[in-house]
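Participant: quick one: sequence and predicted model below, then my questions.
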Amino acid sequence: MLLSLAQSALPIGISGIEKRFGAVSILSDLSLDVAAGEFLTLLGPSGSGKTTLLMILAGFVRANAGSIKVGGEEIITMPPHKRNIGMVFQNYALFPHMNVFHNIAFPLKQRRVSTAETAERVERALDLVQLKGLGERRVDQLSGGQRQRVALARAIVFEPRIVLMDEPLSALDKSLREHMQIELRNLHRRLGMTTVYVTHDQREAITMSDRVAVMNAGRIEQIDQPEVLYARPKTKFVAGFIGESSFIPVECRNGGVWHEGNKLRMKDAMPSSGRHVMVVRPEKLRLIASEQTGDINALPATVGDVIYQGDSFVCYATLKDGRQVILRDYCRSDVLARLPAPGEPITLGIDAQDVVLVADQ
Amino acid sequence: MTKRLCIYGVAAAGLLATVAVPASAADTITVASWGGTYQEAQTKAFFDPTAKELGITIKQDTTNGLDDVRLQVTGNAVKWDITELGADECARGSKEGLFEKLDYNVIDKTGINPKLVHDDWVGISYTSVVLIYRTDVFGDKGPKTWADFWDVEKFPGRRALSGSQATETLSVAALAKGIPIDKVYPVDIDGALQSVDKVKGHIDAWWTSGAQAMQLVKDGEVDMASIWNGRAGTLKKQGAPVSFSFDQGVLTADCMVIPKGSKNRDIAMKALAKFVSPDLQANLPLYVDNGPANEKAFETGKIPPERIKDINSAPENVKKQVLQDPAFWRDTLVEATEKFNNLIQQ
Amino acid sequence: MSIGSVSLDHVGRPDRALNADKLSADARREARGLFALLSPGLLLVFAVIIVPIGWLFWLSLFDESDQLSAANYARFFEQASYIKTFVTTFKVAFAVTGACVLFGYPLAYMLSQLPRRAAGVCLIFVILPFWTSVLVRTYAWLVILQRKGLVNTWLMDIGVIGQPLPLANNFAGVVIGMTHIMLPFLVLPLYASMKTIDVDCLRAGMNLGASPAATFRQIFFPLSLPGLASGVVIVFVLCLGFFVTPALMGGGKVIMWAMRMEQTTSLYSNWGAGAALGVVLLAVTLALLGLFRWLLGARATGVWSQR
């Protein structure tokens, strides 16, 4: 009944992509594999090269070197209109001179699909994006969310093997964006098309993706499932870009990791050498009694400010070396009962399994 | 009228000049003419000597023709004391009552063709419409008569006639039919139009200004054309390979009038008397190819004999030409022009 | 009844609606203020547009002897040359507009595709002719196109033609000269509208399977139509009132409406005669603009979105 793409979903193999504009290198030796049916997100700040990579995938930008294989077939020199890749643009790129129906029917018309079948498939696509009955609307009569859905319907109506999305939700307001994130996720689960999604919004990336590739300065810093990416960032950039973090410098010597003269207890393997920092997430810290016990590391600190946020509170504390760390906890009664006051000395605890070290670049 | 297009700029400049120099005494008059080399010649021939003799100041302006006079007279803002016009314009303006009566006790009309002497206007100079051809195309065996011009078999080549001066083109069309020069007037308009109809398919350009006629011949865009003798003379002086004669020329006169309401009517009358006097009239051909209206000018001895044969209004040349009749065109111009326009338009 | 009388009681009692009077007085004052700001503009429009056109129309109703008459308009039907002039005027306007579209569209397209800097330089070349007088440019064309002009001399020298082509002093000459002068009026609005076409729309077209040619045909061209339409309207309307170029390049055979106005005004010794021609041209131009608007309006509101 629905559009079915799962069978035809194809893997993408990207290797050795180079892109330079003049002397400026945008992408350097970039390789990436996307599994068939996977929802992969390219996440990174603006200028990291994620949109350029998407444009190279779609065929709008010519790479200087590299290979893109879709289901084993090389497409790096194939013109865009032959690639059979659906794309949702940041500003939707709906055709303003066509109504909703004709926008969605456009790819079918190019493929010489019969009128009857076109009508049926457009109808199904409209149904899928919950726009049933709006086919005759002009594009300028639609709300932002509706345009987004039309763009989506248009990108999938011709059952492409791959769908690319370039920050498709960035123009929507917050609540609609969150709603659409879930819808997109569900749609992907139902249709199973290989999807490459570009965003600079880390929360969006974590919410929607099977895997996230964090990009920085034309390279992929780390590619992992969202939970791994969050819990075990491999670089300081990734740790800083995803979620809130405090970085605490540590020393690696004598086969141990030391902070302020205390040997840290940790589960991960210790790095052999080099300067490292400990990544501390606010919710991994808690208030403890002054001693280190069991697998908990103790960090003495002084309370700077406590901000009450209803469901939770945030406590800004200063370590002995003057470095500021953040602690966040929920407002349970037991926690509230011993809420520290500004200026009060406290001890912060972090579990050995939550200790993550990254190289300090 | 015909020089209208090319003298807008000059007219504007003239207007500015009049504004800039405030009118002073009563013995200052303003004379308007067509501008350009013609008016420069008139300045030397008529205006300067008159100003000197009468002890007055003559200020100059340029005119676009009858429309300007009508605007001044009907608008009660007459700023000219004497103005030049084409003879057919004088005839029409006279009918509309735009001019002051002339006092022929002051102005001596002896020697001026009676057809150009009227209650309120008087002839001042002549222009001829002549047939010009390029000698690089025809040698000296070019078309000599308008019948030749009309004969596209015997004289193949590109042709131009005036499209803006219907009166002149209809006159030569009548001549082309073989009508003798003394029988052309009154023009049989329908007959002349039929004559135009015969040749119109071979006319490559209908010129609308003297400059255009000159350019067409000079650049070889056409091989033969009707043209004003002043323009033809200039071409020849510039060394263009052309030939023309006064045979079967059409003499058209210019005239001068005193616009109704002129504040210096009496001085203007005296100045006008000087302008048409044989003595000053004889000056004109020394500077320009337009012939004097007063034939007594040729008896003053001022004009060198070898110059006389080149002047269109010299008695010898007048005999070869048709004198365009302003009174005739006064009554027929509109109808004839409309029919003519209708005919020549593609 | 009692409810009715109660509510009637309140009608007309100003104190019922808090400060309603003051607020509406304030609104009126603001409206008056805005009108006052507008009035210099309105006055100007009145003085330089409404009054002269009204005067023109008024003049056209009088004959040579200042009698109220329809003679100035009757002339159009009595004299075949006016109809001819009218037809010629429209023929020239159509031909020039067509030629401008033919040359202007590819030019504007090229400009819109060039990098900003190069486009800027090329645009200067498009606009450059604006800085030269129409008269000069027309004479230049005469020199180029006439029998012994550059084009004919050159073509005959290299033996392409044996006889000179009739390029000047005829319809072709008028169209060539006017096309050159009118081209920027088409290119500029067209270029501006092409620049506003979203590159992503074209990318989307190709992404969805349309070849570059199909993308141009189905997306770029339709989206450039509003700019093309405004360029066409500007060129066409300007052509209708053109004087200098047809007068010089037409060899007296191509008489356009404005030339006829000049002829008629001096021939009839009557402003009304020329004014009537002006009124007719204005009416026809307005009717045409209305037609254009209606056609384009129909497009925008649904003709294209029908299946």
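Facilitator: Nice, I can see it.
Participant: list the contacts for the residue lying closest to C:Phe236 once chain neighbours are set aside?
Facilitator: In space, and not counting its chain neighbours, C:Phe236 is closest to C:Thr97: 4.8 Å by CB to CB, 6 or more residues apart in numbering or on different chains. Where C-beta positions appear, they are placed from N, C-alpha and C, glycine not excepted. Residues in contact with C:Thr97 (CB atoms under 8 Å, 6 or more residues apart in numbering or on different chains) are C:Met182, C:Leu186, C:Val232, C:Val235, C:Phe236, C:Cys239.
Participant: and C:Thr97, how close does it get to C:Leu155?
Facilitator: Going from C:Thr97 to C:Leu155 by CB to CB, to the nearest Å gives 27 Å.
Participant: equivalent analysis for B:Gln248, please.
Facilitator: 38 Å.
Participant: contacts for stretch A:333-343, please.
Facilitator: A:Leu287, A:Thr302, A:Val303, A:Gly304, A:Asp305, A:Val306, A:Phe313, A:Cys315, A:Asp329, A:Ile346.
Participant: model confidence for the fourth one, exactly?
Facilitator: Here the pLDDT value assigned to A:Gly304 is 89.
Participant: mind telling me what element it is part of?
Facilitator: Secondary structure from DSSP states H and E places A:Gly304 in strand A:296-308.
Participant: please identify the buried residues of the helix or strand following that strand?
Facilitator: On the C-terminal side of strand A:296-308, the closest following helix or strand by DSSP H and E is strand A:312-319. Buried residues in strand A:312-319, counted by 16 or more other CB atoms under 10 Å in any protein chain shown: A:Phe313, A:Cys315, A:Tyr316, A:Ala317, A:Leu319.
Participant: what helices or strands is strand A:312-319 leaning on?
Facilitator: On a contact count with 3 or more CB pairs under 8 Å, 6 or more residues apart in numbering or on different chains; DSSP states H and E, strand A:312-319 meets strand A:296-308, strand A:324-330.
Participant: turn those strands into JSON lines, including distance to C:Cys201.
Facilitator: Listed next are the helices and strands packed on strand A:312-319 as JSON lines, based on distance: least, CB to CB, whole Å:
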{"stretch": "strand A:296-308", "distance to C:Cys201": "47"}
{"stretch": "strand A:324-330", "distance to C:Cys201": "45"}
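Participant: closest one to chain B among those?
Facilitator: With CB to the nearest CB as the measure, strand A:296-308 is the member of the helices and strands packed on strand A:312-319 nearest chain B (80.2 Å).
Participant: buried sites along that closest one?
Facilitator: A:Ile296, A:Asn297, A:Ala298, A:Leu299, A:Ala301, A:Val303, A:Val306.
Participant: tell me how far that strand is from the chain's mean position?
Facilitator: From the chain centre to the centre of strand A:296-308 is a distance of 30 Å (CA atoms, centre = their mean, to the nearest Å).
Participant: can you give me the strands in the stretch 151-300 of chain B?
Facilitator: B:159-162, B:203-207, B:224-228, B:242-257, B:291-292 (DSSP state E, counting those that start in this stretch).
Participant: which of those is buried the deepest?
Facilitator: Most buried of the strands of the stretch 151-300 of chain B, by mean neighbour count (mean count of other CB atoms under 10 Å in any protein chain shown): strand B:291-292, with a mean of 30.
Participant: give the next helix or strand downstream of that one.
Facilitator: helix B:305-308.
Participant: and the contacts of that following helix?
Facilitator: B:Pro285, B:Leu286, B:Phe298, B:Ala314, B:Glu316.
Participant: try it again with 7 Å
Facilitator: With contact meaning CB atoms under 7 Å, 6 or more residues apart in numbering or on different chains, helix B:305-308 is reached by B:Pro285, B:Phe298, B:Ala314.
Participant: so which bits of chain B are right by chain C?
Facilitator: Within reach of chain C by CB under 7 Å from any CB of the partner chain, chain B has these residues: B:1, B:66-67, B:70, B:92, B:158, B:163, B:204-208, B:219-221, B:334, B:337-338, B:341-342, B:344-346.
Participant: count the neighbours of A:Ile248 for me.
Facilitator: Residues within reach of A:Ile248, counting by other CB atoms under 10 Å in any protein chain shown, total 21.
Participant: how about it, secondary structure?
Facilitator: strand (DSSP: H, G, I helix; E, B strand; the rest coil).
Participant: give the contact list for the residue nearest to it when sequence neighbours are not counted.
Facilitator: Using CB to CB, 6+ apart and skipping residues adjacent in sequence, the residue nearest A:Ile248 is A:Met278, 4.4 Å away. Counting by CB under 7 Å, 6+ apart, A:Met278 touches A:Ile248, A:Val250, A:His259, A:Val355, A:Val356, A:Leu357.
Participant: what do you get if the cut-off is 8 Å, keeping everything else the same?
Facilitator: Taking CB under 8 Å, 6+ apart, one finds A:Phe247, A:Ile248, A:Pro249, A:Val250, A:His259, A:Leu264, A:Val355, A:Val356, A:Leu357 in contact with A:Met278.
Participant: out of the residues you listed, which end up buried?
Facilitator: A:Phe247, A:Ile248, A:Val250, A:His259, A:Leu264, A:Val355, A:Val356, A:Leu357.
Participant: before we move on, which element is A:Ala213 in?
Facilitator: Applying DSSP H and E, one finds A:Ala213 within strand A:211-216.
Participant: now do the helix or strand that that strand is followed by: distance to the chain's middle.
Facilitator: Using DSSP H and E, the helix or strand that follows strand A:211-216 in sequence is strand A:219-224. In this view, strand A:219-224 has its centroid 11 Å away from the chain centroid, taken as CA atoms, centre = their mean.
Participant: quick one: buried residues of strand A:219-224?
Facilitator: Buried residues in strand A:219-224 (16+ other CB under 10 Å): A:Ile220, A:Glu221, A:Gln222, A:Ile223, A:Asp224.
Participant: quick one, what contacts the residue lying closest to B:Ser171 once chain neighbours are set aside?
Facilitator: Closest residue to B:Ser171 apart from its sequence neighbours, by CB to CB, 6+ apart: B:Val250 at 4.6 Å. Residues in contact with B:Val250, defined by CB under 8 Å, 6+ apart, are B:Ser128, B:Val129, B:Glu168, B:Ser171, B:Val172, B:Leu175, B:Gln321, B:Val322, B:Gln324.
Participant: look up phi and psi at the most centrally placed residue in chain A.
Facilitator: In chain A, the centroid-proximal residue (CA atoms, centre = their mean) is A:Ala205; its distance is 2.3 Å. A:Ala205 adopts backbone torsions of phi -60, psi -40, taken as degrees, to the nearest 10.
Participant: by neighbour count, which of the contacts of B:Val250 wins?
Facilitator: B:Ser171 (30 neighbours).
Participant: so the closest residue to chain B within chain A, which of the three states?
Facilitator: In chain A, the residue found nearest to chain B is A:His97; the distance is 41.5 Å by CB to the nearest CB. Classification of A:His97 using three-state DSSP returns coil.
Participant: packing partners of the strand holding A:Ala213?
Facilitator: Checking 3+ CB pairs under 8 Å, 6+ apart, strand A:211-216 ends up next to strand A:39-43, strand A:219-224, helix A:226-231, helix A:236-241.
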